[in-house]
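Q: Predicted model and sequence below, questions to follow.
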Amino acid sequence: MSILICPVCGNYLNISGNSYICRKNHCFDIAKSGYVNLLLSNHIGKTVHGDNKLMVQARRAFLEKGYYSPLRDELCAMVGRNFSGGVILDAGCGEGYYTSAIYEYLHQADDTPEMYGIDISKIAVEMAAKRRREIVYSTASVFHIPVHDSSCDMAVTLFAPYCGEEFRRVLVPGGTLIMAIPSENHLWEMKQAIYDIPYKNQVKPYDLEGFRLAEKKRITYKTALLSREDIQSLFTMTPYYYRTAADQKERLKQFDLLETTMDFELLAYKNSK
Ligand SMILES: [Zn+2]
């Protein structure tokens, strides 16, 4: 049975033909690409916006070139170490790069999960759904996750907004939350190229209310961004993009090759509920 719930009334959703329907007859059509829109307009915050088509396409092109594959591989290994069957939710799954990688990894290890991905961007979810039909994708906000209480054995959140209350609600007691955050030196050389006075990332304290940190892994490597396009794609994927003045953005356009540091931390927490 699906773990999805009706975003209107909270009852379980069941598949009926090409729709999900709850027992109060709220009905949500499954798109041709396979995802279902469970995002209610009042769940979209004023400042929250899904990525547009160009951004999603640029991100997919960038990720497919493998620049983040060391992170992806370590993520899969950490998921593997902490997963003992059941349901995984990728909250803020984007175009499904990591979601499908996790699924493949476990599938090949003969430990195929029941997998769900949500994202607020319809375009991203649509692209994700086309990758792998076995994964159930829906558009939804991470602040209103449309799955039942205590229905997920694991939740994964990568560079997405964090809502601890929702993660605690959807995870089983003792369930695992895996998170990726940028570490101190992430994109240091790129920042040096843009800003007069670049700053290192401040890594927040690891403590999360209601969770116990179980595992921590830092992934640091240097990579050469091989085209102007790739440099721009990576820059638009970062939160700095929105905070950078136009003249500083122009500086980056002069580069057609840039070697920069990738620096991440992967954290695994156990739900202490
Ligand atoms: Zn309903």
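A: Perfect, thanks for sending it. Residues are numbered from 1 along each chain as shown.
Q: Enumerate the residues of the chain near the ion.
A: 6, 8, 9, 22, 24, 26 (C-beta under 5 Å from the ion). For glycine as for every other residue, the C-beta is placed from the backbone atoms N, C-alpha and C.
Q: Out of the residues you listed, the closest to residue 168 would be?
A: residue 6 (21.0 Å; C-beta to C-beta).
Q: so what's that closest one up against?
A: 12, 13, 22, 24, 26, 28, 146 (C-beta atoms under 8 Å, 6 or more residues apart in numbering).
Q: For the ion, give me its nearest residue in the stretch 101-250 of the chain.
A: residue 146 (10.4 Å; C-beta to the ion).
Q: hang on, isn't that residue packed against residue 5?
A: Yes: Residue 146 lies in contact with residue 5 (C-beta atoms under 8 Å); the separation is 5.4 Å.
Q: secondary structure class for the spatially closest residue to residue 161 that is not a sequence neighbour?
A: Closest residue to residue 161 apart from its sequence neighbours, by C-beta to C-beta, 6 or more residues apart in numbering: residue 142 at 5.5 Å. In three-state terms, and counting by DSSP: H, G, I helix; E, B strand; the rest coil, residue 142 is coil.
Q: heads up, I number from 54, so please use that
A: Let's use 54 as the start, then, which means that last one is residue 195.
Q: measure residue 195 to residue 189 for me?
A: 16 Å (C-beta to C-beta, to the nearest Å).
Q: do the same with residue 213
A: 18 Å.
Q: Between the two, point out the one with more neighbours.
A: residue 189 (23 against 18; other C-beta atoms under 10 Å).
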